[in-house]
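> Quick check, what structure comes out for this input:
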Amino acid sequence: MLIRSLLIGICSVSGYFIALKYLASYQLSIIGLLLGFIAAVIVIQIEQIIRRFSLRIILGGVVGTIIGLLIAILLSYGLRFVTVWEQQELAFLIYALMASILGYLGLVIGSKKSEEIALPAFGPFKGFRGGTDYRILDTSVIIDGRIADICDTGFMEGTLIVPRFVLDELQHIADSSDSMKRSRGRRGLDILNRVQKNQGINIEIVDHEFPKIKGVDAKLVALAKKMNGKIITNDFNLNKVAELQGIKILNVNELANALKPVVLPGELMVVKVIKEGKEPGQGVAYLDDGTMVIVDHASRHLGETLEVAVTSVLQTTAGRMIFTDLKAVVPEKKYHSIDSL
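Sure thing, here's the model as predicted:
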């Protein structure tokens, strides 16, 4: 904030004295002061915009602009043989037009196509080696919110890609007339803002569009193929479709399952039976992390706290199920918590 205030002050004072020197009027020098102030504000706004982009996009835009201006210079050099080019004013206008057009095209093309270029893995370019480092967020994992917790722990860093069509879908959900959908959409936008404030994470919005492809999931797969990136999701169907097409998937549910405590057959745990199971005589309980526990011969003990022994563990992509056998009913006075381990 201090540096920005100094920049505004220096630009304003400089504009005042420049106008005073060349216009020789204290009244007109106020215009120079205002122009200096406006120039400083514009520079600060440009700095805020540039901060949102990755180093790759900035470098691509700079290189593209330089190439565009070089092409404009070469074309103007070739036109020096044209008779009209001898008219200096017209020549300057033609050169300015070519420089503006080619410079703009270079800036846009360089920034948009920068992700297709693999930068050398040393110095400031370390960690930008091609698209394999790109991790693309889908709508479900943003709304889920656990991605923000993962980023806060420091286990994930670098650039996270949010496609424009995913952002549009979040906006559409946030504007829904259904209160439940509206709250989910707003939660997703809040999660993105939270992740963006993380110092180790850079959120990059990409504008790749696939007009011929319908559906956000299909567009995510197409984008992952184009950028050679990975999709972060907790959508079971997207997980399967993407894997069939050779796309690397980072599933938050699988990560959560991998972090759950290991339970071995024969271990004892204390659980509270909530409801009856599908099979006759079975009772169902849940651990603190949501893991389902199937208790044999416990259907008559609904609402009671039981000591059970683990018989087997079934791991699925949707979660983990623990099968147990009833050992004893825990008296209420001895029960302190539902902690399983």
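
> helix or strand right after the helix or strand hosting residue 188?
Assessed by DSSP states H and E, residue 188 sits inside helix 179-196. Using DSSP H and E, the helix or strand that directly follows helix 179-196 along the chain is strand 201-206.

> which parts of that next one are buried?
Going by neighbour count (16 or more other Cβ atoms under 10 Å), the buried part of strand 201-206 is 201-204, 206. (Each C-beta comes from the backbone N, C-alpha and C, glycine too.)

> ok, now stretch 231-238?
231-235, 238.

> Ok, stretch 244-255 next?
Result for stretch 244-255 [16+ other Cβ under 10 Å]: buried residues 247, 249-253.

> ok, so of those, who is nearest residue 181?
Among the buried residues of stretch 244-255, residue 252 lies closest to residue 181 (Cβ to Cβ), at 20.9 Å.

> any idea how far that closest one lies from residue 18?
Residue 252 sits 57 Å away from residue 18, taking Cβ to Cβ, to the nearest Å as the criterion.

> now swap in residue 312 and tell me
82 Å.

> Serialize the buried residues of stretch 231-238 to a markdown table and add fields for pLDDT.
Listed next are the buried residues of stretch 231-238 as a markdown table, based on pLDDT from 0 to 100:
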| residue | pLDDT |
| --- | --- |
| 231 | 90 |
| 232 | 90 |
| 233 | 88 |
| 234 | 87 |
| 235 | 85 |
| 238 | 86 |
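
> Mind putting those residues into CSV with secondary structure and distance to residue 258?
Putting those into CSV (DSSP: H, G, I helix; E, B strand; the rest coil; distance: Cβ to Cβ, whole Å) gives the following:
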residue, secondary structure, distance to residue 258
231, strand, 18
232, strand, 15
233, strand, 16
234, coil, 14
235, coil, 18
238, helix, 19
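
> Between residue 312 and residue 18, which has more neighbouring residues?
Per other Cβ atoms under 10 Å, whichever of residue 312 and residue 18 has more neighbours is residue 18, with 15 against 11.

> Quick check: pLDDT value at the more buried one.
pLDDT recorded at residue 18 is 81.

> What strand or helix carries it?
Assessed by DSSP H and E, residue 18 sits inside helix 2-23.

> and that helix, what other elements does it pack with?
helix 26-51 (3 or more Cβ pairs under 8 Å, 6 or more residues apart in numbering; DSSP states H and E).

> Average pLDDT for whichever helix or strand comes after the helix it packs on, rounded please.
Per DSSP H and E, the first helix or strand lying C-terminal to helix 26-51 is helix 55-78. Averaged across helix 55-78, pLDDT comes to 82.

> So what sits opposite residue 268 in the bridge?
residue 309 (DSSP bridges).

> And it, how close does it get to residue 325?
Using Cβ to Cβ, we find residue 268 at a distance of 10 Å from residue 325.

> Find residues that contact each of these two.
The contact sets of residue 268 and residue 325 overlap at 308-309 (Cβ atoms under 8 Å, 6 or more residues apart in numbering).

> coming back round to it: closest to residue 2 out of the buried residues of strand 201-206?
Residue 2 has its nearest neighbour among the buried residues of strand 201-206 in residue 202, at 25.0 Å by Cβ to Cβ.

> Leaving out chain neighbours, which residue sits closest to that closest one?
Spatial nearest neighbour of residue 202, chain neighbours left out: residue 159 (4.7 Å); criterion: Cβ to Cβ, 6 or more residues apart in numbering.

> Kindly report the same for residue 217.
Counting by Cβ to Cβ, 6+ apart, the residue nearest residue 217 is residue 238, at 4.9 Å.

> my guess is that neighbour meets residue 220, correct?
Yes - between residue 238 and residue 220 there is a contact under Cβ atoms under 8 Å: 7.0 Å.

> Next, show the common contact partners of these two.
In contact with both residue 238 and residue 220: 138, 231, using Cβ under 8 Å, 6+ apart.

> All the helices of the stretch 101-250 of the chain, in order from the start?
For the stretch 101-250 of the chain, the helices defined by DSSP state H, counting those that start in this stretch occupy 139-144, 146-153, 164-174, 179-196, 216-227, 236-244.

> what's the second one packed up against?
It stands for helix 146-153. So helix 146-153, by 3+ Cβ pairs under 8 Å, 6+ apart, packs with helix 179-196, helix 252-258.

> low-confidence ranges in this structure?
1, 24, 28, 51-54, 78-91, 114-132, 316-319, 332-341 (pLDDT under 70).

> residue contacts, the most centrally placed residue in it?
By Cα atoms, centre = their mean, the chain has its centre lying nearest to residue 160, at 3.8 Å. Residue 160 sits next to 135-137, 195, 201-204, 232 when contact means Cβ under 8 Å, 6+ apart.

> what pairs with it across the strands?
Legend: beta-bridge partners of residue 160 under DSSP bridges are residue 135, residue 203.

> where's residue 270, which helix or strand?
Counting by DSSP H and E, residue 270 is part of strand 268-276.

> Can you give me the buried ones in that strand?
In terms of neighbour count (16+ other Cβ under 10 Å), strand 268-276 has its buried residues at 269-273.
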